[in-house]
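# Need coordinates for the below:
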Amino acid sequence: MPPPRTGGRAEARRAAQGKGGGRGGKDGGKDAGKDGGRGAGKDGGRPEAAAGGGRAAARNSRKPKKNVKKIVAWSAAGVLVLIAGAGGAIYFKLNANIKSFDGDAIATDRPPEAQADADGNKPVNVLLIGSDSRGSNNSDLGGGSADGGARSDTTILLHVYADHKHAVGISIPRNAKVPIPPCKLPNGKWTKGSSSDLFNAAFSVGGSDGGNPACAQNTVEKLTGIRVDHTIVVDFNGFSAMTKAVNGVDICLPKAIYEGDVNPNLHRKGDLVLPQGKQTVQGQQALDYVRLRHGIGDGSDIGRMKRQQAFLSSLASKVKKDGLSPTNLLPLADAATKSLVVDPGLASADKLLSFGLSLKNIDMHDLKFVTAPWRYRTQDKDLDLVQPDANKLWETLKADQTIDGQNATGQQPDAAASPSAPAAPQSAAPSAPAAPVADAGNSSIKVAVYNGTTENGLAGKATAQLKAAKFAATTAGQAASTKYKTTMIEYGSGQKANADKVAALFPGASVEAGNSAGVTLIVGKDFSAANGGGATGPSTGTGGAAANGTPAPPAPLPTTVTNDARSADDDICANTTYGSGG
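Numbers count the residues shown, from 1 in each chain. Have a look, this model is predicted:
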C-alpha cells in the first residue's frame, strides 16, 4: 500500500492539533509535532508553516493562544497533583517512622484530666524521656550497657500551661528514690510494684531494648498526682539526627572536656572532645555534652541535668529563631520521627505536628526549666525528693500557676489600658451577683467593659453577664487603674437611665456621670469576690479549699526551686554545672 499523500487539509488539522503531520504520528519532531518543521506545531505561527498545509492550517496557525492556554492550564494542574502527591508521600513517610508503645500498659488508676476553661483551653503535660537503649545501633553512640536493656538517661515533665504561652520543664533525678507502681511486662503480666526504688528503674522494667515508657509514665503520675497526656521517648540515634537537622546547637562549657571525662573507664586523659567556652555541636559531640558527668563540677547527675536544661533551652531558641517553615520543619520531623516512641495518642504525623505547632506562641523567656527539689541521702549516694517542697511544685502545676506565681489558666489578660477609661481608685463596697434581667430594649444599650483589677478575665465575665441580659456589651480591655475596689458605671449625656439598667446587674456598683459617650462599666474587686475570685486571681489548684468553697491558690514555691530556675533565653554559659571539683 502506498504511503499517504502529504499535505492537504487533514494533515494541517493534525499538525495544528499537535498530533503530527507528514510522517507525524508519535514523534512529530520532524514535522508539525515538536518542531513544527512542515506543520503548525511549535512554529505554527510562521507564514511558511501555514503555506505548506493549506488554508485550514493557515487559519489554525493564526490562533495559537487557545492551545497555549490549554497547555498551561493542564501543566499547572499536573504540578498541583505532583505537589499533593509529594506531600502525601512525606506524610506517609513520617507516619511510617513513628512507633508507639502499648496503651494497655498505662495504668487505669490515674489522676483526673485537667478541665478546660470556658474557651476550651486546657494545659498539656508531656513526659520527655531520653533513652540509653543499645538497640537500633545506639551502642555505636555510647548507649546502654553490656547487659542490654534500656534506662532513662533523662526525664523531664513538660507542663504546657492552658494559655499555651508559658511552659515549664521539671527534671526528675534518675537516682531519686520513689515508689514504682505495678507495671506491665513484655509477657503481658504485671509486676507488684515497689515502695521505693530508683526512678530510672521504672523505664527498665521488663529489660527490653526499647525500655518501658508506660511504666515510667505510671510512675510519674503516681509520684506527682498529675495526669500525663503524652509521653515521648527519643534514643541516641534520634537525638543525634535532630541536632544535625537543625545544623547544630549552641552550648558553653566552663572547662575543656577530654576523652577520659566522657569515658572514665579509659583511665587516661585522652584527646580533646569539647573545648572550653561557646561552641556549636551536633551528632556525637551533642550527645557527649548532654551525657557528660565527669570532669566538671562534682561529677553528679545534678550538674548533668543543668546542662541538659541549657541544651534544650538552646535547641528551642534555635528552632524558634529559624522559624517553623516546611524547609526547616521537614528535616527535623524526619529525623525525630525515625527514633521516637510515643504514646498511642501521638502516634501519627498530624498529631505530632499539631502538638508542635501548639507551642509556637511560647516566648523563650516564659519557657522555664527547674529540677524537682532534692537532697542527698545519708545512707548512700542516691537522692530523696524534699517534702513538702516537691508537692508544692506539683500543686503549682495542677493549679496552672507559673513558678513565679502568674496565672496561666487560659483566661487571657484583658487588653492594654484605654485612655478613655477612668483611672481613679474607688472605695470598697460589698457586691453580690445578680441574676440577669433580660429586656428586649437592652439590645440597643451599648456597654464598654473594662477590668479595674489585676485579676485576669474579669472583663470577659462581666461582658458575658451583660450579654445574657441582652445588652450590647463589648470587652474593651484593661482600665487605666487596676485598684478599683468597687465596680464603677459611668454614663454619657442622656444615658443615665441606661446606666441604671446596667447597675441592676451589679449590686453595690457606683453610678456616676462621665466624659465618654454611652455607658462604661469598670469591674472592681467586689465583682471578683462575688464571682468566686480572689485578690490574686482565680486558681484551679488542689491545695485546699477557701472559705467560699473554691480551691485555694497553691502555697508559694520555696526559693530553693525558684532561684534555680532557668529561662530558655538565659545566657548559655550560665548555670551549667553543680558543685566544685573536677
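
# can you count the residues close to the residue lying closest to Thr224 once chain neighbours are set aside?
Sequence neighbours aside, Trp394 is the residue nearest to Thr224 in space, at 4.4 Å (criterion: C-beta to C-beta, 6 or more residues apart in numbering). Yep, even glycine has a C-beta here, placed from its N, CA and C like the rest. By the criterion of other C-beta atoms under 10 Å, Trp394 has 21 neighbours.

# Against Leu157, how distant is Trp394?
9 Å (C-beta to C-beta, to the nearest Å).

# With Ala399 instead?
Ala399 is 15 Å from Leu157, by C-beta to C-beta.

# ok so the residue nearest to Thr224 is a strand residue?
No. Looking at Trp394 with DSSP: H, G, I helix; E, B strand; the rest coil, it is helix, so not inside a strand.

# so it touches Arg227, yeah?
No. Trp394 is beyond contact range of Arg227, at 11.5 Å (criterion: C-beta atoms under 8 Å).

# rewinding a little: list the contacts of the residue nearest to Thr224.
Residues in contact with Trp394 (C-beta atoms under 8 Å, 6 or more residues apart in numbering) are Thr224, Gly225, Ile226.

# now swap in Lys192 and tell me
By C-beta under 8 Å, 6+ apart, the neighbours of Lys192 are Pro182.

# hang on, it in a helix?
No. Looking at Lys192 with three-state DSSP, it is coil, so not inside a helix.

# what's the pLDDT at it?
pLDDT recorded at Lys192 is 94.

# any idea how far Lys222 is from it?
14 Å.

# Check Asn498 too.
Distance from Asn498 to Lys222, by C-beta to C-beta: 57 Å.

# Could you tell me whether Ile522 really is in a strand?
Yes. Under three-state DSSP, Ile522 falls within a strand.

# What residues are bridge-paired with it?
Using DSSP bridges, the bridge partners assigned to Ile522 are Tyr450, Met488.

# so what's it up against?
With C-beta under 8 Å, 6+ apart, Ile522 has these contacts: Ala421, Pro422, Val449, Tyr450, Asn451, Gly452, Ala479, Tyr484, Thr487, Met488, Ile489, Glu490.

# hang on, the fourth one packs against Ser481?
Translated: Tyr450. No. Contact criterion C-beta under 8 Å: Tyr450 and Ser481 do not qualify, at 9.6 Å.

# Name the residue in these two with the higher neighbour count.
Shown here are Tyr450 and Ser481; by other C-beta under 10 Å, Tyr450 has more neighbours (28 against 17).

# circling back to that earlier point, now, the contacts of Trp394 that are in helices?
Judged by DSSP state H, the subset of the contacts of Trp394 located in helices is Thr224.

# Can you add distance to His166, pLDDT and neighbour count and give the contacts of Trp394 back as JSON lines?
Below are those laid out as JSON lines (distance: C-beta to C-beta, whole Å; pLDDT from 0 to 100; neighbours: other C-beta atoms under 10 Å):
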{"residue": "Thr224", "distance to His166": "18", "pLDDT": "96", "neighbour count": "23"}
{"residue": "Gly225", "distance to His166": "20", "pLDDT": "95", "neighbour count": "16"}
{"residue": "Ile226", "distance to His166": "16", "pLDDT": "97", "neighbour count": "22"}
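
# Quick one: low-confidence residue ranges for the stretch 51-200 of the chain.
51-88, 90-91, 118, 133-149 (pLDDT under 70).

# Break down it into its strands, ranges please.
Counting by DSSP state E, counting those that start in this stretch, one finds strands in the stretch 51-200 of the chain at the ranges 99-100, 124-131, 152-160, 167-171, 177-180, 194-198.

# Would you reformat the contacts of Trp394 as a markdown table and include distance to Gly518?
Below are those laid out as a markdown table (distance: C-beta to C-beta, whole Å):
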| residue | distance to Gly518 |
| --- | --- |
| Thr224 | 50 |
| Gly225 | 49 |
| Ile226 | 47 |
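
# which one of the contacts of Trp394 is nearest Cys573?
Thr224 (31.6 Å; C-beta to C-beta).

# what's near enough to touch the closest one?
Thr224 touches Pro111, Leu157, Trp394, Leu397, counting by C-beta under 8 Å, 6+ apart.

# Closest to Asp322 out of those residues?
Each of these was checked against Asp322 using C-beta to C-beta; the closest is Leu157, at 26.4 Å.

# quick one: pLDDT of the residue nearest to Gly283 when sequence neighbours are not counted?
Excluding its sequence neighbours, the residue lying closest to Gly283 (C-beta to C-beta, 6+ apart) is Ser240, at 4.8 Å. Looking at Ser240, its pLDDT stands at 88.

# what's the neighbour count on Ser240?
22.

# Ile572 too?
18.

# Where does pLDDT dip in the chain?
For the chain, the stretches with pLDDT under 70 are 1-88, 90-91, 118, 133-149, 324-327, 410-440, 532-553, 581-582.

# so what's Asp197 up against?
Neighbouring residues of Asp197 by C-beta under 8 Å, 6+ apart: Lys177, Val178, Pro179, Ile180.

# Kindly give a single ChimeraX line that selects the buried subset of these.
Selection of buried members from these for ChimeraX, criterion 16 or more other C-beta atoms under 10 Å:
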select :177,178,180
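
# Can you add distance to Ala372 and give the contacts of Asp197 back as CSV?
As requested, the contacts of Asp197 are arranged in CSV below (distance: C-beta to C-beta, whole Å):
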residue, distance to Ala372
Lys177, 12
Val178, 10
Pro179, 15
Ile180, 16
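
# Can you tell me which of the contacts of Asp197 comes closest to Asp119?
When the contacts of Asp197 are compared against Asp119 (criterion: C-beta to C-beta), the nearest one is Val178, at 35.9 Å.

# mind listing what that closest one touches?
Contacts of Val178 by C-beta under 8 Å, 6+ apart are Ser196, Asp197, Leu198, Phe199, Thr219, Leu223, Leu385.

# Unless I misread the structure, the fifth one falls within a helix.
Going back to what we said before, that points to Thr219. Yes. Assessed by three-state DSSP, Thr219 belongs to a helix.

# ok, the residue nearest to the spatial centre of the chain - contacts?
Closest to where the C-alpha atoms of the chain average out (C-alpha atoms, centre = their mean) is Leu359, at 2.4 Å. By C-beta under 8 Å, 6+ apart, the contact list for Leu359 reads Val160, His164, Ala167.

# State whether the first one and Val126 are indeed in contact, as I suppose.
In this case it means Val160. Yes. With contact defined as C-beta under 8 Å, Val160 counts as touching Val126 (7.0 Å).
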